[in-house]
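> Below: sequence and its predicted model.
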Amino acid sequence: MAMQQRATAEDVARLARVSSKTVSRVFGNREAVAPATAERVLDAAKRLRFRPNSLARTLRRGGATDTVGFVMGEFGNPFYYGIASGIEQELSRNGNALVVATTGDVPDGEERVVDALLAQRVGALLLVPVAADQSYLEGERHLGTPVVAIDRPARNLVADAIVLAGRDGVRDATTRLLRLGHRRIGYACNPASVATQAERVAGYREAMAANGIGDTRRWERLVDDPHAAPERIIAGLLGGEDPPTAVVTGNNRMTVGALRAMRSLGGDAPALIGFDDFDTADVLGVSVIAHDPVDLGRHAARLAIERMADPLGFTRRIELPTRFVARGSGERPPARAGGPRG
């Protein structure tokens, strides 16, 4: 695939039939330009996929800097800043700088945040996809900007990806609970529509089906609501009819919510295994499906560095393994015998 040349302000000026100074004014002080003229310039810029250089730095390779952009979810999640730490470590060794932006795990905000970051002419884009479609990046990819998807593969976009073997990890964790005698095992996650959760839910269902438990819907809480409190989701699961004797949670926020929902149950609390480790999990005795987010970030940065050096190389997908860490909460047998009820 041949790389296209990135459009310049002069290209926009020619298409819009204005001067280069007018193009500069539109992107610097739009009020000084007649509305009809500004609209014509912006339309030409959009058609040419022109982005103004907001960093005003020395550019290389047709308009890209040595800076790498990382678009992640919410700042408060330790999983994301672990990834950012790994990315920064690897980039600094290679002489690259890192700029970070966040979507807040809100799908509607992804394209806007990415667009703002690309306006800074980053040399590569690392992205934790949250929107249902990343095809809006296809034009940028053809202009030579490498895109690496982290934790979740990009949708409708050819891009490198670094992901976790979440399906295997959840299948193994659920199987462990089944071997302890649990048959009513719940699974809870929020958000549920992202590709990683689809894989993890599939691993849970596969383990249950392999033990003759085909219909797990009564014990599933697959939520897509950023405002839904995790502890309420778990409380609803445990307070329902035929409640589970064990719960697998799909991420660290849901695990913490489960701990809050279960704290009044004492010794009658269900067994609990969470996906993602977190700082106090060892102190609290929480069994987890663990992985190293820093290592995930390092691998993503290496992919970006390789892609910047070789934009036309084959697309790669790397899957990192998970491991089970037993700390007590996932080793509890069911409080009383019982199988699934019809």
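Good, I have the coordinates.
> Quick check: pLDDT value at the spatially most central residue of the chain.
Nearest to the geometric centre of the chain sits Val128, at 3.3 Å (C-alpha atoms, centre = their mean). At Val128, the model reports a pLDDT of 94.
> and Val194, what does it touch?
The neighbours of Val194, taking C-beta atoms under 8 Å, 6 or more residues apart in numbering as the test, are Pro129, Val130, Arg152. Every C-beta, even on glycine, is put in place using the N, C-alpha and C of the backbone.
> so which of the residues you listed is the most crowded?
Using other C-beta atoms under 10 Å as the neighbour test, the contacts of Val194 are led by Pro129, with 28 neighbours.
> Pretty sure that one sits in a helix.
No - checked against DSSP: H, G, I helix; E, B strand; the rest coil, Pro129 lies outside a helix; its state is coil.
> ok, it - contacts?
Applying C-beta under 8 Å, 6+ apart, we find Pro129 in contact with Glu110, Ala149, Arg152, Pro153, Ala154, Arg155, Val194, Ala195.
> From Val114, how far off is it?
Remark: distance between Pro129 and Val114 (C-beta to C-beta, to the nearest Å) = 10 Å.
> How is Arg155 assigned, secondary-structure-wise?
Secondary structure, three-state DSSP: Arg155 is coil.
> same thing with Ala335?
Classification of Ala335 by three-state DSSP places it in coil.
> low pLDDT regions in this structure?
1-3, 53-65, 336-342 (pLDDT under 70).
> all helices of it, in order?
For the chain, the helices defined by DSSP state H occupy 9-16, 20-28, 35-48, 78-94, 110-118, 138-142, 166-179, 195-210, 230-238, 252-262, 281-284, 293-309.
> and those helices as a markdown table, adding mean neighbour count?
Shown next, in a markdown table, are these (neighbours: other C-beta atoms under 10 Å):
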| stretch | mean neighbour count |
| --- | --- |
| helix 9-16 | 18 |
| helix 20-28 | 18 |
| helix 35-48 | 16 |
| helix 78-94 | 19 |
| helix 110-118 | 17 |
| helix 138-142 | 15 |
| helix 166-179 | 22 |
| helix 195-210 | 20 |
| helix 230-238 | 19 |
| helix 252-262 | 23 |
| helix 281-284 | 14 |
| helix 293-309 | 22 |
